[in-house]
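Q: sharing a model prediction with you, sequence too.
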Protein chains: 2
Amino acid sequence: MPQPHDALFRALADPTRRAIFERLCRDGDQTVAALTAHAKVSQPAVSKHLGVLKQAGLVRDRPEGRQTHYSAQPKALAPLIDWTSQMATFWQNRFDDLEDLLKRMDQ
Amino acid sequence: MPQPHDALFRALADPTRRAIFERLCRDGDQTVAALTAHAKVSQPAVSKHLGVLKQAGLVRDRPEGRQTHYSAQPKALAPLIDWTSQMATFWQNRFDDLEDLLKRMDQ
DNA sequence: CAGATTGATAACAGTGTGGTTATGAATTAG
DNA sequence: CTAATTCATAACCACACTGTTATCAATCTG
């Protein structure tokens, strides 16, 4: 059972892919050609990365004539934020438990 | 030039590794044997995952006799939080720019 | 000391991932 | 219509990654 997080974490694991996503967040709509111009890899590589990002919901594509515009979908980062804060919460709760324990021992 | 983020994102990309980290966040200090008992992989695999997590700063090890205790280091998640909020900020700024543009057009 | 336990490491196998070049379909320009 | 452009896909390659089993050093136990 693959977690819903899984595709997201996987997609963000690659630096080239993160760079593409960052650029889309920073500068908005971009064609594949524009993204390729700034990437250090070939156009097919960029297309494949965009495919992975799209699969993870991180980008949307908007075909327009012979070019395809891609845009960031930062809402897709929500599960990552949730997961992170959950980890922090677990951590915090353990301190709370420790506190409770110490209080109980104090009696 | 490997970003400081890189090891972090990479470490979190694997589900087995995330599960180990989650358990350490939830239940605190664990020996390798305890972690292996709940993982679906062999002890050497767990040890290797712990090595990767340690490299990324996500866990600390505390040798004690013949066993090694591992604990989560949630502070290591900070760069991930920063990165995420930066993406959101970029996104927000682009809306601000758009707003500015619309205001300017309104005059 | 002898034997059992714990965990790290080595060696290896299978798979996945990220890159390349080649190519083709669709669209635009001349 | 012809030529050029844009992007996706196919085919392939190299390597990294995750898992395995075997083994060993270190430590505890009897």
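A: Structure received. Numbers count the residues shown, from 1 in each chain, chains lettered A, B, ... in the order given.

Q: could you list the low-pLDDT ranges of chain A?
A: When residues are selected by pLDDT under 70, those of chain A lie in A:1-4, A:96-107.

Q: how about the helices of chain A, start to end?
A: Along chain A, the segments classed as helices by DSSP state H run A:5-13, A:15-27, A:32-38, A:43-55, A:78-106.

Q: which ones are touching the residue nearest to A:Ala7 when sequence neighbours are not counted?
A: Residue nearest to A:Ala7 in three dimensions, not counting chain neighbours: A:Ala56, with 4.4 Å by Cβ to Cβ, 6 or more residues apart in numbering or on different chains. Where you see a C-beta, it was placed from the backbone N, CA and C, and this is true even at glycine. Residues near A:Ala56 by Cβ atoms under 8 Å, 6 or more residues apart in numbering or on different chains: A:Ala7, A:Leu8, A:Arg10, A:Ala11, A:Leu12, A:Ala76.

Q: and the fourth one, how many residues sit next to it?
A: Same thing as A:Ala11. When neighbours are counted by other Cβ atoms under 10 Å in any protein chain shown, A:Ala11 registers 23.

Q: columns distance to B:Met87 on top of the helices of chain A, output as TSV?
A: Converted to TSV, those look like this (distance: least, Cβ to Cβ, whole Å):
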stretch	distance to B:Met87
helix A:5-13	10
helix A:15-27	5
helix A:32-38	16
helix A:43-55	13
helix A:78-106	10
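
Q: what is the burial count for the residue of chain A at minimum distance from chain B?
A: Nearest residue of chain A to chain B, counting by Cβ to the nearest Cβ: A:Ala13, 3.7 Å away. For A:Ala13, the neighbour count with other Cβ under 10 Å is 18.

Q: now swap in A:Arg66 and tell me
A: By the criterion of other Cβ under 10 Å, A:Arg66 has 6 neighbours.

Q: DNA strand C contacts on chain A?
A: Taking Cβ under 7 Å from any atom of the strand as the measure of proximity, chain A contacts DNA strand C at A:10, A:13-14, A:16-17, A:41-42, A:44-45, A:48-49, A:52, A:65-66.

Q: now A:Leu8, nearest residue through space, not along the chain?
A: Using Cβ to Cβ, 6+ apart and skipping residues adjacent in sequence, the residue nearest A:Leu8 is A:Ala56, 5.1 Å away.

Q: ok, that neighbour to A:Ala13 distance?
A: Going from A:Ala56 to A:Ala13 by Cβ to Cβ, to the nearest Å gives 11 Å.

Q: about what we covered before: looks like the residue of chain A closest to chain B contacts B:His5 (just checking).
A: No. The pair A:Ala13 / B:His5 is not scored as a contact, 10.2 Å apart, by Cβ atoms under 8 Å.

Q: what's near enough to touch A:Gln73?
A: Applying Cβ under 8 Å, 6+ apart to A:Gln73 gives the contacts A:Gly57, A:Leu58, A:Val59, A:Arg60.

Q: filter those to the buried ones?
A: Neighbour counting with 16 or more other Cβ atoms under 10 Å in any protein chain shown marks A:Gly57, A:Leu58, A:Val59 as buried within these.
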